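Participant: only geometry, no sequence info:
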């Protein structure tokens, strides 16, 4: 039989196929369930917005799932666009809730283009939606995630697209945060005559007193007023709303409610100029509100607008200083915020805290916590001398603070920053006695060092010298500094004039040991100075001691990243050209240490 000739079944000698049937080989792999339900969600949403809108998928790098654009004549785009973040589920119990990272929501609200969150549920074939701004408003302070809850008002229906079309220009206007943006109060259609008259009077007063309230032509962003029982709500579409209980029949109570709700709504939407104007109006009219959170929102608007003294006045007018409630805490938190310059808040903070302390004393209550909070505020603003006084007032008001390690450590830190090193060392000694942590030990060593207690400093530092981190490197350098100071007969390592004199004599003489010792002491005094660390790297390299070179470069990397080493290379190129192998090795060390410190936590 020729090789190419077919064999008949009867003459075939093969008893089994060359390839055995294996279902795993011939079955196509299943797609992940999450991909399937997201495809279903996209198909459902595409149908929901047709024919007036078109849906496009976005690149994953962009950070959103889809882009929807309204179509005009000839099926061309109009530029009316919103982004969509899809969160589909096949779990019926989760149809009306989803968890999203807070950073993700902030990212979605950072776009000029509005964004919505969509929750499609496969088993129920329902879609819920919410503006990203509305979802972010559900977040809690410092929370990493937001548990978004959809109500029946968030169910996608036949009116949803028209609402989105109506809201897009409003949201764009809001995002601009333009002080010239006008707002119009939209009064409820059906209200009792007495309430309608009161609302008319209030809106007239506001439009007369505040330039941005447009009640004549109603061309501003609409703010709707609604009543439900004893509650009144001010809202801008679904973007934001605030609610409070009011007595509709009491004109003054109704006025106060609208004024403070209006200020809170505008502040929430970052319309700070307008919110501050409403708050200033309340202050000038001596209007107050029993809800301390609303009062705080109004006072905070003044803080954020640069009117800290007015903000403190309004807070005190509303009794926030005396209440010690949520509004009090809100106001204090913003008062201490680094985004508001200290020179704008200093006097206001002093008055608010002093008023709060006086109010507590008048009631016979303890004021230690208030003094402590005030001390931390002062410290955060760099007012160290005043902070020390407030810390001492804390201890005098409530002596048991002296037994609290956190208080002692904070006091030690403030005293250190105030150059009161001996007092700082005493505070850290007490803190270490009750809380002997490595961090407290390090701080104690530093305080003893600059207090001139060199042996006590060395004793505190010594157990940390074996650390392989930048902390261990800094400890070893400071132990070397102590040894140098003792050998040189120095009583302290922070006498600026003495250190400069030693360095100026040692450098021309080629005395590397004394030049490096003085330079290291000066460098630690100036902390993060790039030029100083560059010189310290050079002198360490001149010493030829590998351990010293590595420790200096590791601490320099922690303090300045690659800046000090780069400056060293610029200034000392002649030194590096002398030995190419040394230059290459130093580059390797610098890069390795820069990578190491990026992952350190201390």
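Facilitator: Now that the structure is in, tell me what you want to look at. All values reported here derive from a predicted model rather than from experimental measurement.
Participant: tell me which residue is most central in this protein.
Facilitator: Taking CA atoms, centre = their mean as the criterion, residue 142 is the residue nearest the geometric centre of the chain, at 7.7 Å.
Participant: in the stretch 51-200 of the chain, which spans are strands?
Facilitator: 53-57, 66-71, 77-86, 97-101, 115-121, 126-131, 145-149, 183-186 (DSSP state E, counting those that start in this stretch).
Participant: quickly, which of those strands bottoms out on average pLDDT?
Facilitator: For the strands of the stretch 51-200 of the chain, the weakest mean pLDDT is recorded on strand 77-86, namely a mean of 88.
Participant: quick one: low-confidence parts of the chain?
Facilitator: Counting by pLDDT under 70, the chain contains low-confidence ranges at 1-31, 61, 75, 341-343.
Participant: what comes up buried for the longest helix along it?
Facilitator: If each helix of the chain is counted by residues according to DSSP state H, the longest one is helix 342-362. Residues of helix 342-362 classed as buried: 342, 345-346, 348-353, 355-357, 359-360 (neighbour count, 16 or more other CB atoms under 10 Å). (C-beta placed from N, C-alpha, C; glycine too.)
Participant: figure out which of the strands of the stretch 51-200 of the chain is closest to residue 281.
Facilitator: strand 183-186 (13.8 Å; CB to CB).
Participant: show me what the closest one is packed against.
Facilitator: Judged by 3 or more CB pairs under 8 Å, 6 or more residues apart in numbering; DSSP states H and E, the packing partners of strand 183-186 are strand 221-228.
Participant: pairing partners for the strand it packs on, with directions?
Facilitator: Strand 221-228 sits in its sheet next to strand 183-186 (parallel), strand 231-236 (antiparallel), going by DSSP bridges.
Participant: only the buried residues of it, if you could.
Facilitator: In strand 221-228, counting by 16+ other CB under 10 Å, buried: 221, 223, 225, 227.
Participant: about what we covered before: reformat the strands paired with strand 221-228 as CSV; add distance to residue 533 and mean neighbour count.
Facilitator: Listed next are those as CSV, based on distance: least, CB to CB, whole Å; neighbours: other CB atoms under 10 Å:
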stretch, distance to residue 533, mean neighbour count
strand 183-186, 54, 20
strand 231-236, 53, 19
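Participant: rebuild these as CSV, extending it with distance to residue 476.
Facilitator: Listed next are the strands paired with strand 221-228 as CSV, based on distance: least, CB to CB, whole Å:
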stretch, distance to residue 476
strand 183-186, 63
strand 231-236, 60
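Participant: just to revisit the earlier point, which one of the buried residues of strand 221-228 sits closest to residue 573?
Facilitator: Nearest member of those to residue 573, counting by CB to CB, is residue 221, at 61.5 Å.
Participant: could you check how far the closest one is from residue 570?
Facilitator: 55 Å (CB to CB, to the nearest Å).
Participant: same question for residue 317.
Facilitator: From residue 317 to residue 570 the distance is 58 Å (CB to CB).
Participant: and the two? which has more neighbours close in?
Facilitator: Legend: neighbour count by other CB atoms under 10 Å for residue 317 and residue 570, higher for residue 317 (17 against 9).
Participant: pretty sure the more buried one contacts residue 284?
Facilitator: No - the pair residue 317 / residue 284 is not scored as a contact, 10.7 Å apart, by CB atoms under 8 Å.
Participant: which one of the buried residues of strand 221-228 is nearest to residue 508?
Facilitator: residue 221 (72.2 Å).
Participant: so the closest one makes contact with residue 185?
Facilitator: No - counting by CB under 8 Å, residue 185 is not a contact partner of residue 221; they are 10.5 Å apart.
Participant: out of everything not next to it in sequence, what's closest to residue 499?
Facilitator: In this structure, residue 499 finds its nearest non-sequential neighbour in residue 518, 4.7 Å apart by CB to CB, 6 or more residues apart in numbering.
Participant: neighbours of that neighbour, just the number please.
Facilitator: 28.
Participant: could you pull up the contacting residues of it?
Facilitator: Taking CB atoms under 8 Å, 6 or more residues apart in numbering as the criterion, residue 518 is in contact with 499-500, 502-503, 506.
Participant: out of these, which are buried?
Facilitator: By 16+ other CB under 10 Å, the contacts of residue 518 give 499, 502-503, 506 as buried.
Participant: closest to residue 215 out of the strands paired with strand 221-228?
Facilitator: From the strands paired with strand 221-228, taking CB to CB, the stretch that ends up closest is strand 183-186, at 6.3 Å.
Participant: what's in contact with stretch 56-65?
Facilitator: Residues from elsewhere that reach stretch 56-65, judged by CB under 8 Å, 6+ apart: 38, 42, 66-69, 83-86, 104, 107-108, 115.
Participant: what is the most widely separated pair among these?
Facilitator: Across the contacts of stretch 56-65, no pair lies farther apart than 69 and 104, at 22.6 Å, counting by CB to CB.
Participant: show me the contacts for residue 301.
Facilitator: Residue 301 neighbours (CB under 8 Å, 6+ apart): 263, 266-267, 272, 275-276, 278-279, 311.
Participant: quick one on the thing from earlier: distance from the longest helix of the chain to the middle of the chain?
Facilitator: 25 Å (CA atoms, centre = their mean, to the nearest Å).
Participant: which strands or helices does that helix pack on?
Facilitator: helix 308-317, helix 320-323, helix 326-335, helix 368-380.
Participant: so what touches the third one?
Facilitator: What it means is helix 326-335. Counting by CB under 8 Å, 6+ apart, 291-297, 299-300, 303-304, 308, 311, 315, 318, 320-321, 340, 345, 348-349, 352, 356, 373, 377 sit against helix 326-335.
Participant: and with 10 Å instead?
Facilitator: Residues outside helix 326-335 that contact it (CB atoms under 10 Å, 6 or more residues apart in numbering): 141, 289, 291-301, 303-304, 308, 311-312, 314-316, 318-323, 340, 345, 348-349, 352-353, 356, 370, 373-374, 376-377, 381.
Participant: ok, of those, which come out buried?
Facilitator: 289, 291-301, 303-304, 308, 311-312, 314-316, 318-323, 340, 345, 348-349, 352-353, 356, 370, 373-374, 376-377, 381.
Participant: give the helix, strand or coil label for residue 492.
Facilitator: coil (DSSP: H, G, I helix; E, B strand; the rest coil).
Participant: and what of the one 10 residues further on?
Facilitator: Remark: residue 502 carries the secondary structure label helix [criterion: three-state DSSP].
Participant: which non-adjacent residue is nearest it?
Facilitator: Here the residue nearest residue 502, using CB to CB, 6+ apart, is residue 518, at 4.2 Å.
Participant: list the buried residues in the host helix or strand of the one you found.
Facilitator: Assigned by DSSP states H and E, residue 518 belongs to helix 512-526. Neighbour counts using 16+ other CB under 10 Å place 512, 514-524 of helix 512-526 among the buried residues.
Participant: the helices in the stretch 351-500 of the chain, which residues?
Facilitator: Taking DSSP state H, counting those that start in this stretch as the test, the helices found in the stretch 351-500 of the chain are 368-380, 384-397, 405-417, 421-434, 438-450, 454-461, 470-487, 496-509.
Participant: would CSV of those helices with distance to residue 202 be doable?
Facilitator: Listed next are these as CSV, based on distance: least, CB to CB, whole Å:
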stretch, distance to residue 202
helix 368-380, 37
helix 384-397, 43
helix 405-417, 48
helix 421-434, 56
helix 438-450, 56
helix 454-461, 66
helix 470-487, 62
helix 496-509, 65
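Participant: which of those sits closest to residue 152?
Facilitator: helix 368-380 (42.8 Å).
Participant: the inter-axis angle of that closest one versus helix 326-335?
Facilitator: 20 degrees (axes from the mean of the first three to the mean of the last three CA atoms, to 10 degrees).
Participant: packing partners of helix 368-380?
Facilitator: helix 326-335, helix 342-362, helix 384-397, helix 405-417 (3 or more CB pairs under 10 Å, 6 or more residues apart in numbering; DSSP states H and E).
Participant: next, format these as JSON lines and append distance to residue 423.
Facilitator: Putting those into JSON lines (distance: least, CB to CB, whole Å) gives the following:
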{"stretch": "helix 326-335", "distance to residue 423": "27"}
{"stretch": "helix 342-362", "distance to residue 423": "23"}
{"stretch": "helix 384-397", "distance to residue 423": "8"}
{"stretch": "helix 405-417", "distance to residue 423": "5"}
